[in-house]
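J.: predicted coordinates and the sequence they were generated for:
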Amino acid sequence: MDDVIIVGAGIGGLTLGLALQACGIPCRIFESAAEIRPIGVGINLLPHASKELAALGLEADLAKAAISTQDATFFNRFGQLIYQEPLGRAAGYEHPQFSIHRGDLQMVLLDAFTARAGSDRLVTNQHCVSVEQDDSGVLVHFSDGPGGSNRSTVRGGVAIACDGINSAVRKQFFPREGEPRYSGVNMWRGVTRWKPILSGASMVRAGWLSHGKMVIYPIRPTGADGLQLINWVAEIETPVYRKRDWNRPGAIQDFIGAFADWHFDWLDVPAFIRAADHVLEFPMVDQDPLPRWSFGRVTLLGDAAHPMVPRGSNGAGQAILDARALTSALLENGDAIAALAAYEKQRLEATTRIVLTNRTNPPDAILREVFQRTRDRPFVSIEDVISRDELVALSEGYKRIAGYSRDALRN
Ligand SMILES: Cc1cc2nc3c(=O)[nH]c(=O)nc-3n(C[C@H](O)[C@H](O)[C@H](O)COP(=O)(O)OP(=O)(O)OC[C@H]3O[C@@H](n4cnc5c(N)ncnc54)[C@H](O)[C@@H]3O)c2cc1C
């Protein structure tokens, strides 16, 4: 087979490169950035995604760089404990949940890909502007970086667009798609070096979106100074939003007021926010699910195919699952066009369900439920508000839809 041309060396593109390389399917990756730098803040890999990365031989490297997250812990905005459940191996999964700096994850994938496939198989400063195809292959057209004037063209057997939320290939196939859909919630994201919180491997969600919600989890092992790099996201209902850009700087004064009295025995939240290394701002946006991804020899993968609001820790994971499914489809189908159609059939409906569930009932639905039932007041005992069975049902419901219930993974 002619090379698979992968557009974008993010989480999905690099995982696809590794999966194809492991099966002996030749590929090349073309990345818009001039240099791959470890950008971003925290990201989660749930057990369905870490299982795929373990199959690619990456579990040990990830375990060194990441936190194997132990528990999900939910509080109201008064710091009262609502619910706690074990995660990853602590919950009996065969594979861990990793919380990791996105840059560290990208570097683990990048190092493995260049070591296994060869560094000449990844070309930077190649910004895809369009794709065309004929009966025998694809032509992918690039400029030297976004807006660059030097053009080049690469020929391959199929082209896979892993070019993220602003995918040029998605725009080519859906030119009238329009602007992203704003959820009404803005996010401020940052990292703070801080002493371990709760178990030191806890994923904390607290408060609710109308008054301010925080998600907090560590993403690197404790350093010699006893501190961890801890990721946090402040999420607040906000009427307007600015363009989605992963690198847009944010300002603490724009949101810290919502958390001014969050002084808890498990964390002084305002002091923790003020100690941040840096702050980014990102609107909680997604796009309506597409009716199709595959057009002959070209298809979409990861955020290019199914951008979702980041409320279920599934963005990176679903890109990784796409990569696995596409690799299997290429192995199982002699015909490339049939392979891309089979991949779409396997993944489009599954990811559509997740995109839509993330809008309505992600794991933080637990917080919404308690917020509404208590009318945003402290409770005497959580059992008076909601039963343990109801809390478990809310949590397990999302796992089933997102494909990482323990039973689904065992099978
Ligand atoms: C700079 C950056 C920072 C991020 N930070 C976070 C974070 O902190 N937390 C989080 O949860 N998620 C973050 N994400 C998004 C997260 O990586 C994805 O949601 C998820 O992992 C799915 O991965 P993906 O491969 O589909 O997209 P991405 O990981 O976004 O990868 C897309 C890749 O395609 C490249 N690209 C874009 N356009 C073109 C083009 N026209 N031609 C060639 N290459 C192109 C991009 O430079 C990027 O390398 C970030 C993404 C980026 C690009």
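T.: Now that the structure is in, tell me what you want to look at.

J.: could you look up the SS state of whatever residue of the stretch 51-200 of the chain ends up closest to the ligand?
T.: For the stretch 51-200 of the chain, the residue closest to the ligand is Gly164, as judged by CB to the nearest ligand atom, at 3.1 Å. The C-beta positions use only the backbone N, C-alpha and C, and glycine is treated the same way. When classified by DSSP: H, G, I helix; E, B strand; the rest coil, Gly164 comes out as coil.

J.: for it, give its distance to Asp120.
T.: Counting by CB to CB, to the nearest Å, the gap from Gly164 to Asp120 is 23 Å.

J.: thinking again about what came up before, and the residue of the stretch 51-200 of the chain closest to the ligand, how far is that from Glu237?
T.: 26 Å.

J.: looking at this structure, which strand is longest?
T.: Determined from DSSP state E, the single longest strand within the chain is strand 181-194.

J.: pull the contacting residues for whichever residue of the chain sits closest to the ligand.
T.: Residue nearest to the ligand within the chain: Gly10 (1.7 Å; CB to the nearest ligand atom). Residues in contact with Gly10 (CB atoms under 8 Å, 6 or more residues apart in numbering) are 106, 162-164, 302-303, 319.

J.: just to revisit the earlier point, show me which of Gly164 and Asp120 is the more surrounded one.
T.: Comparing Gly164 with Asp120 by other CB atoms under 10 Å, the one with more neighbours is Gly164, at 21 against 8.

J.: isn't that one right next to Gly302, touching?
T.: Yes - between Gly164 and Gly302 there is a contact at 7.1 Å, judged by CB atoms under 8 Å.

J.: now for those two: what residues contact both?
T.: Common contact partners of Gly164 and Gly302 (CB under 8 Å, 6+ apart): 8, 10.

J.: confirm His141 sits in a strand?
T.: Yes - assessed with three-state DSSP, His141 lies in a strand.

J.: how about the residues of the stretch 1-150 of the chain by the ligand?
T.: The stretch 1-150 of the chain comes close to the ligand at residues 7-13, 30-33, 39-41, 43, 102, 127-128, as judged by CB under 6 Å from any ligand atom.

J.: repeat the analysis, applying 5 Å as the threshold.
T.: 7-8, 10-12, 32-33, 39-41, 43, 102, 127-128 (CB under 5 Å from any ligand atom).

J.: can you point out the buried residues in the biggest helix by length in the chain?
T.: Secondary structure of the chain per DSSP state H: the longest helix is helix 336-360. Neighbour-count burial for helix 336-360 flags 336-337, 339-344, 346-348, 350-352, 354-355, 357-358 (criterion: 16 or more other CB atoms under 10 Å).

J.: repeat for stretch 318-335
T.: Counting neighbours by 16+ other CB under 10 Å, stretch 318-335 gives 318-330 as buried.

J.: next: stretch 173-180.
T.: Of all the residues in stretch 173-180, those buried under the rule 16+ other CB under 10 Å are 173, 180.

J.: residues contacting Ser202?
T.: By CB under 8 Å, 6+ apart, the contact set of Ser202 is 69-73, 217-218.

J.: quick check on those: which are buried?
T.: Listed as buried from the contacts of Ser202 are 69-73, 217-218; burial here means 16+ other CB under 10 Å.

J.: turn those residues into JSON lines, columns for secondary structure and pLDDT.
T.: Below are those laid out as JSON lines (DSSP: H, G, I helix; E, B strand; the rest coil; pLDDT from 0 to 100):
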{"residue": "Thr69", "secondary structure": "coil", "pLDDT": "97"}
{"residue": "Gln70", "secondary structure": "coil", "pLDDT": "97"}
{"residue": "Asp71", "secondary structure": "strand", "pLDDT": "97"}
{"residue": "Ala72", "secondary structure": "strand", "pLDDT": "96"}
{"residue": "Thr73", "secondary structure": "strand", "pLDDT": "97"}
{"residue": "Tyr217", "secondary structure": "strand", "pLDDT": "97"}
{"residue": "Pro218", "secondary structure": "strand", "pLDDT": "98"}
